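**Student:** build me a model:
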Amino acid sequence: MQQKGLITFDQFIASEQNKFPNVQGNLSRLFRHIQLASKLVNSDVRKAGLAGILGSAQNTNVQGEDQQKLDVLANNTFIKMIESSKTCAAILSEEVDEVYYCENNPKGKYIVAMDPLDGSSNIDVNASIGTIFSIYKRIDLDQPVSDADIYQKGREIVAGGYIIYGSSTMLVFSTGNGVNGFTLDSGIQEYCLSHPNMQMPAKEGIYSVNEGNMGTFPESVKRYIAKCKGETGEKPKSARYIGSLIADFHRNLIKGGIFMYPSTQSAPNGKLRLLYECVPMAFVAEQAGGKAHTGDIDVLDIVPNELHQRVPLYIGNKSMVEDLLQS
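**Tutor:** Residues are numbered from 1 along each chain as shown. Alright, predicted model coming up:
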């Protein structure tokens, strides 16, 4: 039974349609199917060790990375559920080489880009992982899906967010009118509003970066990290790094901080994917009062030029990102 006073995700969407003019009809249906997919993946994540779906799938994705069994399962689940919503003409996935065209709805209004299971290297050690997604509106519904539909800059996002499978499962999203977080109530299997109007804290709290790669970071990033460590006279900041974008970002969204994945010698263009990871998280960050930058340009201002494009990422507290850019 639903607890008195709880607002479910579906109720929230229905009640907020006047504020969110894009959230109606087809988009509401798409959200329902993304929710359902996340609940199925959450169930698989929770029982992975018992169901024999931990470990490698003995395959690599388009980036040459080892796919985990849960990567494949999550990808298939989200594609199946999103396609069954009959709202999308195409799906872009980090785990799929090319565009996945939804044959049952070639004139669908939307395109979804997603990382079906971010942080999959943490699966076997039971650390937080998640799903990242963004939704774009197609430019011309009377024409087949084109590059103009697929390669839209992040400013054109209709909605974006993530689901984090941690100590609790949360759906955090925005339609361009602020950020709201919903926690999955396992008793009623409904996402309920738990974090309304989320804002990136103003305090400069945490820096998150893999310092093991610092030898090949840009000099400006090295200077900023030295400042974070108090080596230039400032008060030291706390270092926290899980190695999962979604987990590190979520913590910093709650507590305040910056996540950094610079270019390195082994990854000169950065490691994180623009369409599947950086753009959706940048959208959420900006809507929560934060900032996301590559060191050269705001993430949401980039016009993508390939499906699996990578960029450096500095994201989180606005003043911390700006301080890094000035270092």
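
**Student:** and the helices in the stretch 101-250 of the chain?
**Tutor:** Secondary structure of the stretch 101-250 of the chain (DSSP state H, counting those that start in this stretch): helices at 147-150, 219-228, 245-255.

**Student:** give me whichever of these is most buried.
**Tutor:** Of all those, helix 245-255 has the most neighbours on average by mean count of other Cβ atoms under 10 Å, namely a mean of 23. All C-beta spots, glycine's among them, are computed from the backbone N, C-alpha and C.

**Student:** what's that one in contact with?
**Tutor:** Helix 245-255 has contacts (Cβ atoms under 8 Å, 6 or more residues apart in numbering) with 118-119, 122, 127-130, 132, 162, 164, 166, 170, 172, 179, 198, 200-201, 205-206, 208, 240-242, 257-259, 261, 272, 277, 281, 284-285, 288, 290, 313, 315-317.

**Student:** what's the local residue count around Gly215?
**Tutor:** 9 (other Cβ atoms under 10 Å).

**Student:** distance of it from Gly290?
**Tutor:** To Gly290, Gly215 is 28 Å away according to Cβ to Cβ, to the nearest Å.

**Student:** ok, now Ile258?
**Tutor:** 9 Å.

**Student:** and for these two, which residues touch both?
**Tutor:** In contact with both Ile258 and Gly290: Ile315, Gly316, Asn317, Val321, using Cβ under 8 Å, 6+ apart.

**Student:** am I right that the last one sits in a strand?
**Tutor:** This points to Val321. No: assessed with DSSP: H, G, I helix; E, B strand; the rest coil, Val321 is helix; it does not lie in a strand.

**Student:** let me know the pLDDT of it.
**Tutor:** Looking at Val321, its pLDDT is 97.

**Student:** surely it and Ile258 touch.
**Tutor:** Yes: using Cβ atoms under 8 Å, Val321 is in contact with Ile258, at 6.0 Å.

**Student:** quick check: neighbours shared by the two?
**Tutor:** Tyr314, Ile315.

**Student:** more neighbours, those two?
**Tutor:** Legend: neighbour count by other Cβ under 10 Å for Val321 and Ile258, higher for Ile258 (29 against 22).

**Student:** Ser238 against Gly205, yeah?
**Tutor:** Yes: the criterion here is Cβ under 8 Å, and Ser238 meets it with Gly205 at 6.4 Å.

**Student:** now do the shared contacts for those two.
**Tutor:** With Cβ under 8 Å, 6+ apart, Ser238 and Gly205 have common neighbours Gly257.

**Student:** show me which of the two is the more surrounded one.
**Tutor:** Gly205 (19 against 11).

**Student:** and the residue lying closest to the more buried one once chain neighbours are set aside, how many neighbours?
**Tutor:** In space, and not counting its chain neighbours, Gly205 is closest to Gly256: 3.9 Å by Cβ to Cβ, 6 or more residues apart in numbering. Neighbour count of Gly256, defined by other Cβ under 10 Å: 21.
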